[in-house]
Structure formats: structure tokens, C-alpha cells
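Asker: Build me a model from this:
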Amino acid sequence: MPSKDGVMESAGRPRRLLALLSSFGVTSLQRQNPYIVAWWSAAFPGFGHLLLQQYIRGVLLTLSEVITNTLAHINEAIVYSFSGRYLMAREVLDPVWLYGYCVIYLYAIWDSYRSTLETNRQCELAEIENARLQTMVLRPVTIQYLERKSPRAAAAASFFFPGLGQLYNHRVGLAFYAMIWWWVYLYLSNLHASLLALLLGHPAESAAMLRPHWLLFMPSVMCGSIYHAYVTAVEHNRLFRVEQRQYLKERYPAAGFKILP
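Answerer: Numbers count the residues shown, from 1 in each chain. Here you go, the predicted model:
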């Protein structure tokens with residue numbers, strides 16, 4: 001039925017969903033600390049948006065970080081600066097791409113902070129509305145469902161290989177994206193070959209093999225993957241409990257017991 005303003009209203013359809021199950025995984029509104037999200041955007045532009053489950057923006061910003069950092073030679077300048085070669089650090093920088101990098105970097109921090117505040121408000125409204133959550137989605141290519149997860153297992157999986165924790169949490173698209181990029185970083189940084197040379201007792205040869213530009217991306221990527229996998233598993237456990245409470249209240253409306261959160 002059309003409303004007084006001429007806008008078609010959908011009868012029985014919730015205005016705000018707390019979570020949605022699809023072939024790509026579980027997408028949900030999640031309360032987070034805006035300072036932590038902004039910090040992850042500072043560690044690697046785009047990570048804050050991935051924590052907010054804004055995957056398109058997150059992927060675009062992470063790609064922009066890698067491209068502009070490479071063209072501006074940011075990581076090389078960092079290595080020269082920390083080794084005391086300040087003139088070489090200044091000479092290696094490309095000012096045109098450096099400007100673009102700074103714009104993207106600051107925008108990612110600001111937008112992730114702003115988006116976190118808005119997401120927290122939307123999450124509160126969705127919790128008040130308390131629309132019924134899905135428990136399972138069956139598709140020809142996959143099965144998605146709410147289940148209890150182990151945050152430590154998710155974090156451990158991402159520690160051994162970034163992306164595996166996301167795969168554990170059924171975020172297939174993000175897991176594929178993370179795992180492909182981790183292989184790229186491993187190959188271009190020569191990290192595995194360098195570690196092998198170090199284990200064989202050739203420290204000088206091991207250090208010479210490393211490519212610092214690609215190596216410097218890896219700590220942020222690994223730590224970000226671990227943190228994302230951990231908080232996602234915690235969120236899935238919360239959604240599992242919310243759906244369980246909804247089901248029990250519907251199934252036993254006249255029961256005299258209290259359902260704990």
C-alpha cells in the first residue's frame with residue numbers, strides 16, 4: 001500500500017536487518033570502537049572498512065594503498081630513513097604519487113571513523129527492532145549457516161596463512177582475496193627463499209635476497225588478518241546467541257524462565 005507521501009511500503013518487511021546470510025557469508029551490523037577501526041585504516045588503508053564489512057570500499061582502498069605506495073616508493077623511503085640514509089629517502093620519493101598516497105591515507109582514516117559511528121547507530125536501531133535472523137541459506141554452490149565459532153582457531157588459521165581465518169568464518173570472497181595477495185607478497189619479497197638461506201647458515205645471503213618494499217606490507221597484512229578473523233568469529237557467536245533467543249521466545253512464549261543473553 002502506498003503511504004501518504006506516495007512511497008510504497010513493504011508490509012511485514014523489517015526496516016533494518018541485524019544480519020544477512022548469503023552465498024558470500026554472513027554480513028552484519030556490528031558495534032565497534034571507532035578509534036580501533038581508524039587505527040587499522042592507518043596501519044593499512046582499507047582494513048578499517050573491511051572490519052566494517054564494507055568490502056567494496058575496503059578492496060578499492062587496499063588496492064590503492066599498494067599501487068600508490070609502490071609508485072611513490074614509500075616503503076623504500078621508510079627503510080632508508082630507519083637506516084639513517086635520509087638523503088636517499090628524500091631522493092627516492094615521487095612527489096606526485098606521494099600526494100595521492102597522502103590523500104588516500106587520510107581519507108581512509110577519516111571515512112572509517114565516520115562510518116563506524118554511523119554503523120554503531122544503525123546497529124542499535126536494528127537491535128531495538130529485533131527482526132528475525134536467518135539460521136541457514138542453501139544455494140547450489142554453498143551452504144551458509146549461523147554456528148558457534150572459536151575465535152582463537154580463527155586467529156590461529158590467519159596466523160599460519162592470512163585468509164584461512166576468513167575461510168574458517170565462511171567469508172569466501174575475502175579469504176580468496178587475502179590468500180592471493182599473501183602469495184604475491186611472499187613471491188615478490190623473497191621471504192621464503194630468505195628464510196631457507198638463513199636456516200642453512202647464510203645470514204648475509206639471506207638479507208641480500210629480501211625485497212624491503214614488499215616485505216614491509218606483510219606485518220600489517222598478517223596482523224590485520226588475525227584481528228579480523230578473531231573479531232568476526234566473536235560476532236558470529238553473538239549472532240548465534242541472538243537467533244537462539246529469538247527462536248526460544250517464539251517457540252515457548254508462555255514459559256516462565258528467563259533467557260540469558
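Asker: For this protein, which residues score under the pLDDT cut-off?
Answerer: 1-12, 254-261 (pLDDT under 70).
Asker: Kindly recompute the last result at 50.
Answerer: Within the chain, the stretches with pLDDT under 50 are 1-9.
Asker: can you give me the helices for it?
Answerer: Shown for the chain, the helices assigned by DSSP state H span residues 34-43, 47-51, 55-72, 74-82, 86-92, 95-129, 151-160, 164-168, 172-189, 191-199, 203-209, 212-215, 217-251.
Asker: winner for burial among these?
Answerer: When the helices of the chain are scored by mean count of other Cβ atoms under 10 Å, the highest mean neighbour count falls to helix 47-51 (a mean of 27). (Glycine included, C-beta is placed from N, CA and C.)
Asker: What lies in contact with stretch 213-225?
Answerer: Contact with stretch 213-225 is made by 40, 43-44, 47, 50, 66, 69-70, 73, 75-76, 78-79, 158-159, 162-163, 165-166, 178, 181-182, 185, 188-189, 191, as judged by Cβ atoms under 8 Å, 6 or more residues apart in numbering.
Asker: Quick one: distance of it to the chain centre.
Answerer: Here stretch 213-225 is found 14 Å from its chain centre; the criterion is Cα atoms, centre = their mean, to the nearest Å.
Asker: and what of stretch 160-172?
Answerer: 11 Å.
Asker: distance of Trp39 from Tyr185?
Answerer: 21 Å (Cβ to Cβ, to the nearest Å).
Asker: I'd assumed Leu51 was in contact with His228.
Answerer: Yes - in this structure, His228 is within contact of Leu51 by Cβ atoms under 8 Å, at 6.1 Å.
Asker: if we can go back for a sec, Ser28 is nearest to which of the helices of the chain?
Answerer: Counting by Cβ to Cβ, Ser28 lies closest to helix 217-251 out of the helices of the chain; the figure is 6.0 Å.
Asker: you'd agree Asp111 is up against His49?
Answerer: Yes - with contact defined as Cβ under 8 Å, Asp111 reaches His49; the gap is 7.4 Å.
Asker: Which neighbours do these two have in common?
Answerer: Common neighbours of Asp111 and His49 (Cβ under 8 Å, 6+ apart) are 41, 57.
Asker: Would you list the phi and psi of Tyr252?
Answerer: phi -130, psi 70 (degrees, to the nearest 10).
Asker: contacting residues for it?
Answerer: Applying Cβ under 8 Å, 6+ apart to Tyr252 gives no contacts.
Asker: Would you mind measuring from the closest residue to Val96 other than its chain neighbours to Tyr99?
Answerer: Setting aside the residues directly before and after it, Val96 is nearest to Ala72 in space (Cβ to Cβ, 6 or more residues apart in numbering), at 8.0 Å. Here Ala72 is placed at a distance of 8 Å from Tyr99 (Cβ to Cβ).
Asker: re the thing from before, any idea which of the helices of the chain gets closest to Pro140?
Answerer: Short answer: helix 172-189, nearest of the helices of the chain by Cβ to Cβ, at 14.4 Å.
Asker: helices or strands next to that closest one in the packing?
Answerer: Contacts defined by 3 or more Cβ pairs under 8 Å, 6 or more residues apart in numbering; DSSP states H and E place helix 172-189 against strand 25-28, helix 55-72, helix 164-168, helix 212-215, helix 217-251.
Asker: how about 10 Å then?
Answerer: Secondary-structure packing of helix 172-189 (3 or more Cβ pairs under 10 Å, 6 or more residues apart in numbering; DSSP states H and E): strand 25-28, helix 47-51, helix 55-72, helix 151-160, helix 164-168, helix 191-199, helix 212-215, helix 217-251.
Asker: Out of these, which is closest to Glu127?
Answerer: Of the helices and strands packed on helix 172-189, nearest to Glu127 by Cβ to Cβ is helix 217-251, at 8.3 Å.
Asker: What separation is there between Arg90 and Tyr80?
Answerer: From Arg90 to Tyr80 the distance is 9 Å (Cβ to Cβ).
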